[in-house]
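Visitor: no FASTA, just this:
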């Protein structure tokens, strides 16, 4: 196995892990405010399709990213209306949102299947200009990849170093207490869902506009569910989410490596490695899990009239 | 209003309540159709024509109607696979994975024992399918019972693993010489018999019989009562000597077994072959149906019927209106949204 193929695998792992990290960060914010969003798959699809459509129409990928973020936020607000205002069950509402996303994205993306777009420009990692072109092409990343770690730090800063984040976490732990201390749990949850949705939209934008550079139905392939698992894996912490996404990407990379090394293992079985790994880690950490989950995760805030 | 109720003999009060519930459901579904009509209008399709298509293709002739029933079969089973564990407070989101593994086990039976006569082969396949589903549900149930990991997340993760195992089995061992994405067609003895010259197969009987059995079990047996006690308060149930852990594991496994049976009935009754990714979210649909019907057996039948009408009609929408099939998910989602947004219907359910 050559160095080139190893680097190639790493590079593709970074590409595929980026959208996952954005999505996970979005879900961290949702869940920190006490809302489980099982409809991520649908949110991703709608953002990916609308972002792709706008990029295709305007020829401007940045506009596409913006629209994808907005679409993600709006999709999450639909969930918000159901679970916050109408006090519906979160798991059921999330799955309903998923079906909605399946349908809406198919409708939006209908005329864009197989269309080519101008993607985000890829920039060489600084300091690597001296590499031969075969190698340096592996280190050309788009803007969204460069921004993903800063985004995680930003989310951490928002959650742990701002008043807004403090309120958000308070609502996730105990909405009644947060209300008693003068915060509006409903408003905060709506805000959290919108911001979380925008991050999910960024992940989707990276997927359709920068990584795959096309639109196909169901193109997310279960990423939404992986993100839900990674949130638990990272114990609801945005910085640990980086580790989670890295571990997952590494597992994907490892699987690609095994394949390229000509080892006779079915790619289907290798595909299961990341999930099984997540499962094993969850079980290994199971004992002390309770201490890190937001205490009122999944509970309906009944209001205090 | 109350005067009218008093004037009537005793039972019509219940009937009135029932009628009002039905009326409210109808109004909600009407609202969902209205919203979807707007979406159709925006995308440049004629909603009235589209709805006529849906209704004619489902209620307009006996063949269309039989297709609705065919579509209901797996939903009945996957909904029950969620309903049963929910009676001890377990949230089984893993119907999708359990269905796949059940289908794989049943396929193994169909391919290995293909020389057996139908009366022997079909029960073997059923048992294998249920075994597969139960095995896939065992781990989540076990880890939940010892308080290690929440069953919601484990079942969700295992959903993603199951279709890949199917892929591994099909590509590696079972694929037919002509096609790598599916197995050989099953022999006739491995097919569930169909009725009345339609595609309605024996799976319907499984679904209905199991629903009745489920209802009787919950209402008239000691175990049903004990499950109710666990649902209400696991702590108190445990102190009263009910083996809560055992119940949790068994309920989860039985749920998985029913989902596995759904998988078996799909490959044996509907397709007659094991395909990659054949489920198309049947497991999740089962979850929604169970939730919407509050886990009530009759409600499961009604909601499965509604969802099946939507999807069967959607097939035609794709053919005649040039819309992607997935678009029909919007109509399903609107129906779900509208029902979810009115929380007064099923107050009793714990969230």
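Guide: Looks like it arrived, so ask away. From a predicted model like this one, the values you see are computed outputs, not experimental measurements.

Visitor: which strands and helices sit next to the host helix or strand of residue A:253?
Guide: Using DSSP states H and E, the element containing residue A:253 is helix A:238-260. Helices and strands touching helix A:238-260, by 3 or more CB pairs under 8 Å, 6 or more residues apart in numbering or on different chains; DSSP states H and E, are helix A:3-32, helix A:143-161, helix A:223-233, helix A:267-271, helix A:273-285. Where you see a C-beta, it was placed from the backbone N, CA and C, and this is true even at glycine.

Visitor: which one of those is the most hemmed in?
Guide: Of the helices and strands packed on helix A:238-260, the one with the most neighbours on average (mean count of other CB atoms under 10 Å in any protein chain shown) is helix A:223-233, at a mean of 26.

Visitor: pLDDT of stretch B:232-251, averaged?
Guide: Mean pLDDT, computed over stretch B:232-251, is 85.

Visitor: contact partners for residue 31?
Guide: Here I'm looking at chain A. Going by CB atoms under 8 Å, 6 or more residues apart in numbering or on different chains, residue A:31 touches A:37, A:172, A:231, A:236, A:294, A:297.

Visitor: right idea, wrong chain: chain B
Guide: Applying CB under 8 Å, 6+ apart, the residues contacting residue B:31 are B:334, B:338.

Visitor: next secondary structure element downstream of the host helix or strand of it?
Guide: In the assignment (DSSP H and E), residue B:31 maps to helix B:11-42. As assigned by DSSP H and E, the chain's next helix or strand after helix B:11-42 is helix B:47-59.

Visitor: tell me which residues in the helix or strand following that next one are buried?
Guide: Downstream of helix B:47-59, the first helix or strand assigned by DSSP H and E is helix B:62-86. Using 16 or more other CB atoms under 10 Å in any protein chain shown as the test for burial, helix B:62-86 gives B:64-86.

Visitor: now helix B:62-86: mean pLDDT?
Guide: Per-residue scores along helix B:62-86 average to 90.

Visitor: same question for stretch A:249-265.
Guide: On average, stretch A:249-265 scores 75.

Visitor: show residues contacting it.
Guide: For stretch A:249-265, contacts defined as CB under 8 Å, 6+ apart pick out A:1, A:5-6, A:8-10, A:12-14, A:16-17, A:20, A:267, A:270-271, A:273-274, A:277.

Visitor: repeat that with 10 Å
Guide: A:1-2, A:5-6, A:8-18, A:20-21, A:246, A:266-267, A:269-278, B:168 (CB atoms under 10 Å, 6 or more residues apart in numbering or on different chains).

Visitor: contacting residues around the residue lying closest to residue B:108 once chain neighbours are set aside?
Guide: For residue B:108, ignoring the flanking residues on the chain, the nearest one in space by CB to CB, 6 or more residues apart in numbering or on different chains is residue B:128 at 6.4 Å. Residue B:128 is in contact with B:102-110, B:112-113, B:260, B:264, counting by CB under 10 Å, 6+ apart.

Visitor: go on, residue A:159?
Guide: A:28-29, A:32-33, A:165-166, A:168-169, A:172, A:192, A:236-238.

Visitor: ok, it to chain B distance?
Guide: 21 Å (CB to the nearest CB, to the nearest Å).

Visitor: can I take it that residue B:149 is in a helix?
Guide: No. Going by DSSP: H, G, I helix; E, B strand; the rest coil, the assignment for residue B:149 is coil, not a helix.

Visitor: against chain A, how distant is it?
Guide: 5 Å.

Visitor: cool, residue B:108 as well?
Guide: Counting by CB to the nearest CB - residue B:108 and chain A are separated by 16 Å.

Visitor: hmm, residue A:178 is touching residue A:294, no?
Guide: No. Counting by CB atoms under 10 Å, residue A:178 sits too far from residue A:294 to count as a contact (11.5 Å).

Visitor: may I ask which helix or strand of chain B has the lowest mean pLDDT?
Guide: Least confident helix or strand of chain B, by mean pLDDT, DSSP states H and E, is helix B:2-7 with a mean of 45.

Visitor: follow-up on the earlier one: now the buried members of the contacts of residue A:159.
Guide: A:28, A:29, A:32, A:33, A:165, A:168, A:169, A:172, A:192, A:236, A:237, A:238.

Visitor: circling back: and the helix holding residue B:31, what's its mean pLDDT?
Guide: 77.

Visitor: give me the buried positions along that helix.
Guide: B:25, B:28, B:29, B:31, B:32, B:33, B:35, B:36, B:37, B:39, B:40.

Visitor: any chance of JSON lines for these, columns distance to residue B:300?
Guide: Formatted as JSON lines, those follow (distance: CB to CB, whole Å):
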{"residue": "B:25", "distance to residue B:300": "14"}
{"residue": "B:28", "distance to residue B:300": "17"}
{"residue": "B:29", "distance to residue B:300": "17"}
{"residue": "B:31", "distance to residue B:300": "22"}
{"residue": "B:32", "distance to residue B:300": "19"}
{"residue": "B:33", "distance to residue B:300": "22"}
{"residue": "B:35", "distance to residue B:300": "25"}
{"residue": "B:36", "distance to residue B:300": "23"}
{"residue": "B:37", "distance to residue B:300": "28"}
{"residue": "B:39", "distance to residue B:300": "28"}
{"residue": "B:40", "distance to residue B:300": "29"}
